[in-house]
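Colleague: Sequence and predicted model, in that order:
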Amino acid sequence: MINVFHIVSNKRWTGAEQYAYDLVSLLRHDPEFYAEVVCRKHPNVLKQFRRLEIPVSILPLKGVTDIDSPVRFARLLRKGQNIIHVHSFKDAFMAVMARRISENHDTRVVVSVHGVYQPKRNYMYTKLYKSIDCFVFSSEMARDAFAGKAKKSYSERMVVLRDSVCDSKLGTLVPDLRQQLGIDNHQALIMYHGKLAEEKGLDVLIGALAHVDKSKYHLVIIGEGQPKYKARIKGEIVANGLVHNVSLLGFRDNILEYLRQADFGILPSVKPEALGISNLEYMMAGKAHICSNNGAQPEYVHDGVNGVLVPSGDERGLADAINLLLNDPALRTKMGEQAKRDFEESLDYPTFYKKMTDLYRTLLHKEPVVDIAPPDEDIHDVIPE
């Protein structure tokens with residue numbers, strides 16, 4: 001049996017936590033694997049993982065200067081074949097330290113890189129990268145951004161394994177949004193879901209709506225995020241006279257049940273997306289959506305076929321795309337149907353799960369990489385003051 005430990009340390013439920021949740025929800029039923037989650041003592045995160053009824057270990061996970069976490073975690077790694085799957089480089093420090101303390105050479109460290117990054121070039125991170133068995137990127141674009149500055153000693157351990165989404169029905173029942181919000185039948189229900197943060201471009205979306213006939217739509221925004229940015233968006237909604245056209249619903253469970261009520265979605269990111277999980281969710285739900293073309297989206301969203309691509313930050317271009325889908329219901333239905341076919345053919349979760357578990361097996365048949373501290377160094381010598 002292969003032991004798989006997913007380590008997540010965020011205080012809030014983010015895409016990394018959902019990624020780990022979906023994987024663990026299948027691993028727990030796979031007879032070849034034992035699955036466990038390691039996280040901090042934050043109620044919102046613990047509540048979600050405990051729904052899976054699997055072991056959850058609570059550690060401080062305070063970063064590179066935290067000695068307690070790797071010492072305690074190493075006790076779980078003494079025997080058997082282990083995969084430590086982390087979702088940030090901060091947690092990777094803990095993982096490689098714990099492996100060294102455990103002295104179990106049948107332990108591999110996998111890092112899923114959730115974002116678009118370039119490698120840091122300082123001593124500690126260079127040592128860390130050399131100690132990671134596999135870097136998993138969700139797109140060619142994200143891999144290339146990192147690999148372009150990476151050293152050959154670890155660039156050969158990078159793989160592209162596109163994320164997916166699954167319909168993990170959680171939480172409360174979903175209301176009928178048209179009925180709840182009083183949306184007229186002749187209005188299109190447009191939706192944005194995701195983090196409320198500047199990089200997501202919601203201010204661009206509100207600006208674009210100033211060029212759209214208010215009688216034709218109602219925008220629903222689902223998600224939470226930065227309080228200052230949220231306040232800014234509320235101010236722009238008022239300033240543009242959109243109070244009766246835009247509803248902010250906050251965080252919601254069962255997101256796919258909300259998406260299925262939408263006529264189409266909009267994801268106007270101004271920062272490059274490493275993949276765009278929200279995009280995949282619209283495709284899974286069989287909905288057309290409009291998104292920026294500045295990240296990995298063009299790798300699977302084909303303009304005018306299964307979605308609409310627009311230049312990042314372009315209010316008028318976004319307004320034109322909104323008007324296109326508002327005025328052509330048949331087109332958005334056709335795009336949504338094609339999006340669902342594309343998702344089911346190559347982007348679905350069973351495909352992702354098989355590739356990930358194959359990767360786990362393959363890594364355990366390879367020689368382990370060197371640890372963060374050479375054998376003749378004391379582990380404390382590589383921790384900065």
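Modeller: Yes, it's here.
Colleague: Ignoring the adjacent residues along the chain, who's closest to Gly80?
Modeller: Distances taken as Cβ to Cβ, 6 or more residues apart in numbering put Asn3 closest to Gly80, at 5.4 Å, once the chain neighbours are dropped. Placement of C-beta: from N, CA and C, glycine included.
Colleague: list the buried ones in stretch 84-103?
Modeller: For stretch 84-103, a neighbour-count test (16 or more other Cβ atoms under 10 Å) marks 84-102 as buried.
Colleague: Provide a list of residue ranges in the stretch 51-200 of the chain with pLDDT below threshold.
Modeller: For the stretch 51-200 of the chain, the stretches with pLDDT under 70 are 168-172.
Colleague: all strands of it, in order?
Modeller: Along the stretch 51-200 of the chain, counting by DSSP state E, counting those that start in this stretch, strands occupy 56-58, 81-86, 107-113, 134-137, 158-160, 188-193.
Colleague: Which helix in this structure has the most residues?
Modeller: With secondary structure taken from DSSP state H, the chain has its longest helix at helix 349-364.
Colleague: so what secondary structure elements neighbour it?
Modeller: strand 2-7, helix 15-27, strand 81-86, strand 107-113, strand 134-137 (3 or more Cβ pairs under 8 Å, 6 or more residues apart in numbering; DSSP states H and E).
Colleague: With adjacent residues omitted, what lies nearest to the residue positioned nearest the centre of the chain?
Modeller: Centroid-nearest residue in the chain, with Cα atoms, centre = their mean: Gly15, separated by 3.3 Å. Leaving aside its chain neighbours, Gly15 sits nearest to Ile277 (5.6 Å; criterion: Cβ to Cβ, 6+ apart).
Colleague: any idea how far Val174 is from that neighbour?
Modeller: Applying Cβ to Cβ, to the nearest Å, the value for Ile277 to Val174 is 19 Å.
Colleague: again with Asp213
Modeller: Taking Cβ to Cβ as the measure, Asp213 falls 28 Å from Val174.
Colleague: cool, Phe251 as well?
Modeller: Here the criterion is Cβ to Cβ. By it, Phe251 lies 13 Å from Val174.
Colleague: do Leu331 as well
Modeller: Leu331 is 27 Å from Val174, by Cβ to Cβ.
Colleague: residues near the residue nearest to Gly80, how many?
Modeller: A count of nearby residues for Asn3, using other Cβ atoms under 10 Å, gives 18.
Colleague: On the strand side of things, show who it bridges to.
Modeller: Tyr34, Asn82 (DSSP bridges).
Colleague: ok, back up a step: Throw the strands of the stretch 51-200 of the chain into a markdown table and include distance to Lys41, thanks.
Modeller: Putting the strands of the stretch 51-200 of the chain into a markdown table (distance: least, Cβ to Cβ, whole Å) gives the following:
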| stretch | distance to Lys41 |
| --- | --- |
| strand 56-58 | 5 |
| strand 81-86 | 18 |
| strand 107-113 | 23 |
| strand 134-137 | 27 |
| strand 158-160 | 33 |
| strand 188-193 | 28 |
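Colleague: wait, which of those strands is closest to Leu259?
Modeller: strand 188-193 (6.5 Å; Cβ to Cβ).
Colleague: Tell me the strands beside the closest one, with direction?
Modeller: Within its sheet, strand 188-193 is paired with strand 217-222 (parallel), strand 264-267 (parallel), according to DSSP bridges.
Colleague: average model confidence for stretch 292-310?
Modeller: Across stretch 292-310, the average pLDDT comes to 96.
Colleague: May I have that stretch as PDB, with CA atoms only?
Modeller: Listed next in PDB are the C-alpha coordinates belonging to stretch 292-310 (Å, rounded to 0.1, in the frame of the first residue of the first chain):
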ATOM      1  CA  SER A 292      -9.000  36.400 -20.600                       C
ATOM      2  CA  ASN A 293      -6.400  35.100 -23.000                       C
ATOM      3  CA  ASN A 294      -3.400  36.000 -20.900                       C
ATOM      4  CA  GLY A 295      -2.600  32.600 -19.200                       C
ATOM      5  CA  ALA A 296      -3.100  28.900 -19.900                       C
ATOM      6  CA  GLN A 297      -6.700  29.400 -21.000                       C
ATOM      7  CA  PRO A 298      -5.900  29.200 -24.800                       C
ATOM      8  CA  GLU A 299      -4.500  25.700 -24.200                       C
ATOM      9  CA  TYR A 300      -8.100  24.400 -23.900                       C
ATOM     10  CA  VAL A 301     -10.500  27.300 -24.500                       C
ATOM     11  CA  HIS A 302     -10.900  27.800 -28.300                       C
ATOM     12  CA  ASP A 303     -12.200  31.200 -29.200                       C
ATOM     13  CA  GLY A 304     -15.700  31.100 -30.800                       C
ATOM     14  CA  VAL A 305     -15.900  27.300 -30.400                       C
ATOM     15  CA  ASN A 306     -16.200  26.400 -26.800                       C
ATOM     16  CA  GLY A 307     -15.800  29.800 -25.300                       C
ATOM     17  CA  VAL A 308     -14.800  33.400 -26.000                       C
ATOM     18  CA  LEU A 309     -11.300  34.800 -25.400                       C
ATOM     19  CA  VAL A 310     -10.700  38.500 -24.800                       C
END
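Colleague: What residues sit buried inside that stretch?
Modeller: Residues 292-298, 300-302, 306-310 are the ones in stretch 292-310 that count as buried (16+ other Cβ under 10 Å).
Colleague: quick revisit: wait, doesn't the residue nearest to Gly80 sit right on Asn82?
Modeller: Yes: using Cβ atoms under 8 Å, Asn3 is in contact with Asn82, at 4.7 Å.
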